[in-house]
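Enquirer: need a 3D model of the following:
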Amino acid sequence: MKVAVMGAGAVGCFYGGMLARAGHAVTLIGRPDHVSAIGQRGLRFESAQFDDYVPVSASTDAKGVANAELVLFCVKSSDTEEAALAMRPYLESSAFVLTLQNGVDNAERVRSVIPQQVSSAAVYVACEMAGAGHVRHHGRGELIIEKTLSASQHIAQILNSAGIGTELSTNVRGALWGKLILNCAYNAMSALTQLPFGELRRRGGHGVEIAMRDIVAECIAVGRADGVDISSDADQTVRTIMETIPAGQYSSTAQDLSRGRRSEIEHLNGHIARRGAALGVPTPVNHLLLVLVNTLDNRSPQGEPA
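Expert: Next up, the predicted model:
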């Protein structure tokens with residue numbers, strides 16, 4: 001299968017790299033430094049099981065999606081409409097676009113720009129760009145994607161065959177909210193402290209768990225008020241976070257701030273604060289985290305591509 005990755009940061013390089021290792025023709029569309037490094041030697045893909053250079057194509061231009069049967073859409077949430085518009089002239093009418101983004105409304109935003117089939121995916125992977133053209137995988141890698149679209153079953157089979165654990169769900173909105181809650185609980189605290197999860201827990205002790213419980217409780221209250229099927233409670237969700245986040249993983253928000261890039265906080269804790277205000281649900285903890293991260297964000301350069 002011909003695959004294009006629109007916005008090939010850590011998440012895009014991980015999933016694109018897995019598909020390329022399985023023999024698919026993959027084009028990564030990303031920042032010039034990554035594209036240059038990949039063009040010279042391939043994508044360096046480092047994990048606990050291997051450390052290889054994976055042959056892929058790379059481009060800085062949205063026209064790299066041309067002829068792709070599957071497009072993994074991995075740009076920052078704030079760049080969603082702009083990136084979808086940029087690739088629209090080059091997309092095949094039969095292309096399947098799978099959004100692998102933080103936040104809960106990106107698929108709808110992409111559908112407002114392009115006519116192709118677009119599916120949401122909840123993404124559970126810990127990875128980072130360790131250098132130009134170098135993705136480092138820390139753990140996990142599974143996806144939950146919408147079951148309702150006609151091509152979903154075929155795409156899930158392709159992904160599973162490439163070693164990407166993929167589940168089809170009729171409640172992908174609930175899965176996306178589950179991921180949103182995880183990100184709200186962890187990302188901002190990791191960003192503000194510039195600590196990976198294990199060190200955050202060690203230094204913060206029981207207070208970290210209590211803070212996460214408060215964040216999660218607000219998120220669940222907002223989600224339920226918004227009609228989302230969320231079955232877990234705050235204690236259960238925090239236990240799951242504690243058990244599943246790799247200890248050495250910095251959040252994506254922490255990585256963005258450390259590299260001087262704008263974060264996605266407006267689409268994480270910011271989404272909770274906005275929907276809470278609209279629905280009459282108090283969200284003081286999420287609002288505080290939003291303000292603090294935005295304060296740091298405002299010191300970062302504007303407009304850098306995802």
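Enquirer: which stretches in the stretch 1-150 of the chain count as helices?
Expert: Assignment of helices within the stretch 1-150 of the chain using DSSP state H, counting those that start in this stretch yields the ranges 10-21, 32-41, 80-87, 106-111.
Enquirer: just put those in TSV and tack on distance to A273, mean neighbour count and mean pLDDT.
Expert: Glycine gets a C-beta too; all of them are placed from N, C-alpha and C. Putting those into TSV (distance: least, CB to CB, whole Å; neighbours: other CB atoms under 10 Å; pLDDT from 0 to 100) gives the following:
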stretch	distance to A273	mean neighbour count	mean pLDDT
helix 10-21	24	25	98
helix 32-41	33	16	96
helix 80-87	19	20	98
helix 106-111	18	20	96
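Enquirer: please name the nearest non-neighbouring residue to L85.
Expert: V113 (5.4 Å; CB to CB, 6 or more residues apart in numbering).
Enquirer: how about the helices of the stretch 1-150 of the chain, which one is nearest V238?
Expert: Nearest to V238 among the helices of the stretch 1-150 of the chain is helix 10-21; the distance by CB to CB comes to 23.8 Å.
Enquirer: just how off-centre is that closest one within its chain?
Expert: Relative to its parent chain, helix 10-21 has a centroid offset of 13 Å by CA atoms, centre = their mean, to the nearest Å.
Enquirer: give me the pLDDT value at R274.
Expert: R274 is assigned 97 on the pLDDT scale.
Enquirer: buried sites along the strand or helix carrying Y186?
Expert: Using DSSP states H and E, Y186 sits in helix 172-193. Across helix 172-193, burial judged by 16 or more other CB atoms under 10 Å covers 172-192.
Enquirer: reformat the helices of the stretch 1-150 of the chain into a markdown table and put distance to A122 next to each item.
Expert: As requested, those are arranged in a markdown table below (distance: least, CB to CB, whole Å):
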| stretch | distance to A122 |
| --- | --- |
| helix 10-21 | 12 |
| helix 32-41 | 25 |
| helix 80-87 | 16 |
| helix 106-111 | 11 |
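Enquirer: worst-scoring helix or strand of the protein, pLDDT-wise?
Expert: helix 234-244 (a mean of 80; mean pLDDT, DSSP states H and E).
Enquirer: what's G165 sitting at in phi/psi?
Expert: phi -60, psi 110 (degrees, to the nearest 10).
Enquirer: hmm, I was thinking of L100
Expert: Torsion angles, degrees, to the nearest 10, at L100: phi -120, psi 70.
Enquirer: closest one to A58 among the helices of the stretch 1-150 of the chain?
Expert: Closest approach to A58 among the helices of the stretch 1-150 of the chain is made by helix 32-41 (4.0 Å; CB to CB).
Enquirer: now the angle between helix 10-21 and that closest one, please.
Expert: Between the axes of helix 32-41 and helix 10-21, defined by axes from the mean of the first three to the mean of the last three CA atoms, to 10 degrees, the angle is 20 degrees.
Enquirer: CA atoms only: put helix 32-41 into PDB for me.
Expert: Presented in PDB, the C-alpha positions along helix 32-41 are these (Å, rounded to 0.1, in the frame of the first residue of the first chain):
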ATOM      1  CA  PRO A  32      13.200  20.400   6.500                       C
ATOM      2  CA  ASP A  33      15.700  19.100   9.000                       C
ATOM      3  CA  HIS A  34      14.000  15.700   9.300                       C
ATOM      4  CA  VAL A  35      13.500  15.500   5.500                       C
ATOM      5  CA  SER A  36      17.100  16.200   4.800                       C
ATOM      6  CA  ALA A  37      18.400  13.600   7.300                       C
ATOM      7  CA  ILE A  38      15.900  11.000   6.100                       C
ATOM      8  CA  GLY A  39      16.900  11.700   2.500                       C
ATOM      9  CA  GLN A  40      20.600  11.000   3.300                       C
ATOM     10  CA  ARG A  41      20.200   7.700   5.200                       C
END
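Enquirer: now for the closest residue to A20 other than its chain neighbours: which residues touch it?
Expert: Spatial nearest neighbour of A20, excluding adjacent residues (CB to CB, 6+ apart): V26 at 4.2 Å. Going by CB atoms under 8 Å, 6 or more residues apart in numbering, V26 touches V3, A4, V5, G16, G17, L19, A20, V56, S57.
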